[in-house]
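**Q** all I have is the shape, not the residue letters:
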């Protein structure tokens, strides 16, 4: 059992949301380590939702920019550019949204599975969602920023996405090793195993949406 006292976040009832805490989690994802594994689960779910919404908005903005480029090319060839533009852009946005969902799902499943093997302490799924889900706010914000920059440069936007995803992955792994109390001698194996499982799961899921 996780007998942890809730941190002093002020009024934090079951249905209320502390906006100051949300901002703090956005600026410092590792602050999620101080959340109560049961009473603060909502912040984990909100974090995951923000991450997925970020992927969706980024997908819309990037597909819009992609569609503009396609339309410029097709305008020299045919009058159906706007139709193909919308079709291609819609597919791209949907794929990026699904990538966000599959990425989070693959990572959390991988961490949970490997923790059963190399974790020093068993945790409930609620604890996993609370602590690690609350570390995902930065992902949503970063993806939205990347989508905005896609209007200027698609390459720059992709660079931002890579940086944000790597940063979030590192932060999440730090939180996971602390949550499951991974022993020092097992940390390397834990990290490598989670990365391997994450890659395999994500590649498998992507086969169904690409």
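**A** Yep, that arrived. Keep in mind the model is a prediction, meaning the values are calculated, not measured. Numbering: from 1, shown residues only.
**Q** so which elements touch the helix or strand hosting residue 95?
**A** Using DSSP states H and E, residue 95 sits within helix 81-118. In terms of contacts (3 or more Cβ pairs under 8 Å, 6 or more residues apart in numbering; DSSP states H and E), helix 81-118 is packed against helix 41-74, helix 125-133, helix 154-179, helix 187-206. (Glycine included, C-beta is placed from N, CA and C.)
**Q** now it against helix 154-179, angle please.
**A** 20 degrees (axes from the mean of the first three to the mean of the last three Cα atoms, to 10 degrees).
**Q** tell me the mean pLDDT for helix 81-118?
**A** The average pLDDT for helix 81-118 rounds to 78.
**Q** now do the buried residues in that helix.
**A** Buried residues in helix 81-118, defined by neighbour count with 16 or more other Cβ atoms under 10 Å: 81, 85, 88-89, 92-93, 95-104, 106-108, 110-112, 114-115, 118.
**Q** ok, stretch 149-162 next?
**A** Neighbour counts over stretch 149-162 (16+ other Cβ under 10 Å) mark 149-150, 157, 160-161 as buried.
**Q** same deal with stretch 177-185?
**A** The neighbour-count check on stretch 177-185 (16+ other Cβ under 10 Å) flags 177, 179-180, 182 as buried.
**Q** ok, residues contacting that stretch?
**A** 33, 111, 115, 118-121, 123, 127-128, 131-132, 176, 187, 190-191 (Cβ atoms under 8 Å, 6 or more residues apart in numbering).
**Q** from residue 177, how far off is the residue nearest the centre of the chain?
**A** In the chain, the residue lying closest to the centroid (Cα atoms, centre = their mean) is residue 51, at 4.6 Å. Relative to residue 177, residue 51 is positioned 20 Å away (Cβ to Cβ, to the nearest Å).
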